[in-house]
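Enquirer: okay, structure incoming, though there's no sequence with it:
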Ligand SMILES: Cc1ncc(C[n+]2csc(CCOP(=O)(O)OP(=O)(O)O)c2C)c(N)n1
Ligand SMILES: [Mg+2]
């Protein structure tokens, strides 16, 4: 097990963060560090906006960085579980990104 | 209420209380949606769930805050585990009281969070139409599941007016469940099928959720593989079909488990390799490649690694696989499967389901629970909707009521909720008043939601309750017999069972008691002949009977107990 970093962006809605954290807790994955920002600069997310045919507005999106100790298999399962949460827009480890159900072989975040 | 009507809702199951009273007043002042008043909120959720499983439409529940909401939790968890679409509207204390420990305040969103697909709180009354639209969309699309909408009382106050319009469609930019599979995944699945000599199709509840029975049947007219179903998938492939192996898993048939264990290809369709299926995952089907069709990414390669994953509505995936396979028929010869079919035939003849092999119905023996199910099957021509509870009776029903159509077998597979059967049967009967609805239950389970007998009287729901009475928590007792040296800790009632006949009568229904083999057939026929009465048939069966086959713990699929003293 090594320390791994996950990045995800999600709708800034009440309860969204609890769902992410709850998922870790419920399945016994430990969070080492957690960082949440409200996104102001959307330039990194142009691709995502295009793919989702949407435009992000101020205060709509949060970016989470989570560090956790898990095995490879668990990492994949965590990615998929997070991707399933309705308010999560995209989730990425260093190599792959889930953008709403679609697995992309690149780190979009 | 207007929004629910605009969504196409016809039926709500619920129970009123302070925080929901504005909504209840709106129910009183309209006549488009029927409301069924249950006797316990758990009953409302199971009834909505049964309605949904039988019709494919989402079930709708309305409860008040606090205890009303928490009573609904078991039913929400039941629906969640089996991916059943349901929308639960819970009243909440008024916005300004939230967080003050107000009377009947419970954080319903927090309490239900791990057992819902998603949830909403209404912060502005104007959002109600949009939230309801979204909630139904989320509940019914992708991998379905329950959605909770928590509505503070002031949001439904009659003076809280707004310009109403109902959205035509729900679009959630962060939610986009897969529908059409990708062709390259289909091609890889077809390749695997073409080279397989020992394929098995393993179909579960996801195939039913996707209404894929026609596509599955058509695809297998080409492949000609043996088919097994999970407990949740029974009916998706006709039980009377030559290629049907029966259910697999913990209490699956000998031939189904042997076929899975020895297969070279497993085509999993809307099934999730749960621990009641695989036994020990590291010993599971050692020589099989796995092609997994599912709508949910997180179900694939979770327990058993898939060699080919096909994401999308399984109905669409099956159709595409068939079309692609048809173009390659020159290289497919179904006769290469003949040795495999011969092998399966041999397994079938070696150990069919036990009771079918030694039928004895003289009065020298107590009634066997399997016989009860077989008689019910015969009397209802195999066409009834059968709901069940949890325990031995549930497994006997699954094994011996051979389902030819999907959505007829209605049971709590994932959570295993005792108390599910009767309220679920109410939901089914309300959806299909002309069809036969049977609840096969046990004397333990039926007592967990027995109060709904009163609801059945109020709405005239002539369900047939078949109480397989072994005077014990039979499944618990079986485990104690097999694993705990026969120490029956707290699994019997020491002669404290109620008189179910009088109980049924006091609720205004008919009760029939059966204790002898020679009465079984006649008395059951009599019960089913009373078309417009709820009949509670209390049948005393052999309390020492066990469910077999049963997998040997931590073994592979081929390690089974076949009877009390016979192991594979
Ligand atoms: C709500 C709930 N509590 C406990 C259990 C554990 N449990 C599983 S089967 C069973 C016994 C059920 O007894 P009965 O309904 O009489 O069925 P039988 O096995 O005797 O046919 C119990 C207690 C459960 N599944 N659900
Ligand atoms: Mg019992």
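Expert: Received the coordinates, thanks. Bear in mind the structure is a predicted one, so any value in this text is a computation, not a measurement. Ligands and ions are numbered 1, 2, ... in the order given.
Enquirer: residue B:435 versus the closest residue to residue B:82 other than its chain neighbours, what's the distance?
Expert: Closest residue in space to residue B:82, ignoring its immediate chain neighbours: residue B:414 at 4.9 Å, by CB to CB, 6 or more residues apart in numbering or on different chains. Yep, even glycine has a C-beta here, placed from its N, CA and C like the rest. The spacing between residue B:414 and residue B:435, counted by CB to CB, to the nearest Å, is 25 Å.
Enquirer: over to residue B:464?
Expert: 12 Å.
Enquirer: tell me the SS of residue B:495?
Expert: Recorded secondary structure, residue B:495: coil (DSSP: H, G, I helix; E, B strand; the rest coil).
Enquirer: pLDDT score for it?
Expert: Listed pLDDT for residue B:495 reads 92.
Enquirer: what's the burial count for the residue in the stretch 201-350 of chain B that ligand 1 sits nearest to?
Expert: In the stretch 201-350 of chain B, the residue that lies nearest ligand 1 is residue B:251 (11.7 Å; CB to the nearest ligand atom). Residues lying near residue B:251 (other CB atoms under 10 Å in any protein chain shown) number 22.
Enquirer: surely it is in a strand?
Expert: No - if the criterion is three-state DSSP, then residue B:251 is coil and not within a strand.
Enquirer: I'd say it and residue B:395 touch.
Expert: Yes - using CB atoms under 8 Å, residue B:251 is in contact with residue B:395, at 4.6 Å.
Enquirer: overlap in contacts, the two.
Expert: Shared contacts of residue B:251 and residue B:395 (CB atoms under 8 Å, 6 or more residues apart in numbering or on different chains): residue B:547.
Enquirer: distance of residue B:214 relative to residue B:322?
Expert: If you go by CB to CB, the gap between residue B:214 and residue B:322 works out to 11 Å.
Enquirer: which non-adjacent residue is nearest the closest residue to ligand 1 within chain A?
Expert: Closest approach between chain A and ligand 1, counting by CB to the nearest ligand atom: residue A:26, at 20.7 Å. Spatially, and ignoring its direct neighbours in sequence, residue A:26 is nearest to residue B:114 (5.5 Å; CB to CB, 6+ apart).
Enquirer: repeat for residue B:45
Expert: residue B:75 (2.2 Å).
Enquirer: roughly how far is the strand or helix carrying the one you found from the heart of the chain?
Expert: Here residue B:75, judged by DSSP states H and E, is contained in helix B:73-81. Taking CA atoms, centre = their mean, to the nearest Å, one finds helix B:73-81 lying 11 Å from the centre of the chain it belongs to.
Enquirer: what pairs with the helix or strand just after that helix, parallel or antiparallel?
Expert: Where DSSP H and E defines the elements, the next helix or strand beyond helix B:73-81 is strand B:86-92. For strand B:86-92, the paired strands and their directions (DSSP bridges) read strand B:59-63 (parallel), strand B:146-152 (parallel).
Enquirer: I'd like those as JSON lines, with mean pLDDT, distance to residue B:309 and mean neighbour count appended.
Expert: Shown next, in JSON lines, are these (pLDDT from 0 to 100; distance: least, CB to CB, whole Å; neighbours: other CB atoms under 10 Å in any protein chain shown):
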{"stretch": "strand B:59-63", "mean pLDDT": "98", "distance to residue B:309": "30", "mean neighbour count": "28"}
{"stretch": "strand B:146-152", "mean pLDDT": "98", "distance to residue B:309": "26", "mean neighbour count": "26"}
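Enquirer: wait, which of those is closest to ligand 2?
Expert: For the strands paired with strand B:86-92, the distance to ligand 2 is smallest for strand B:59-63, at 27.6 Å, taking CB to the ion.
Enquirer: one step back: what about residue B:464 and residue B:435, which has more around it?
Expert: Between residue B:464 and residue B:435, residue B:464 has the larger neighbour count (other CB under 10 Å), namely 24 against 14.
Enquirer: re earlier: of residue B:214 and residue B:322, who's got more company?
Expert: Neighbours per residue, other CB under 10 Å: of residue B:214 and residue B:322, the larger number sits with residue B:322, 19 against 11.
Enquirer: find the nearest non-adjacent residue to the more buried one, please.
Expert: residue B:219 (4.4 Å).
Enquirer: where's that neighbour, which helix or strand?
Expert: helix B:213-223.
Enquirer: and that helix, how far out from the chain middle?
Expert: Worked out by CA atoms, centre = their mean, helix B:213-223 lies 23 Å from the chain centre.
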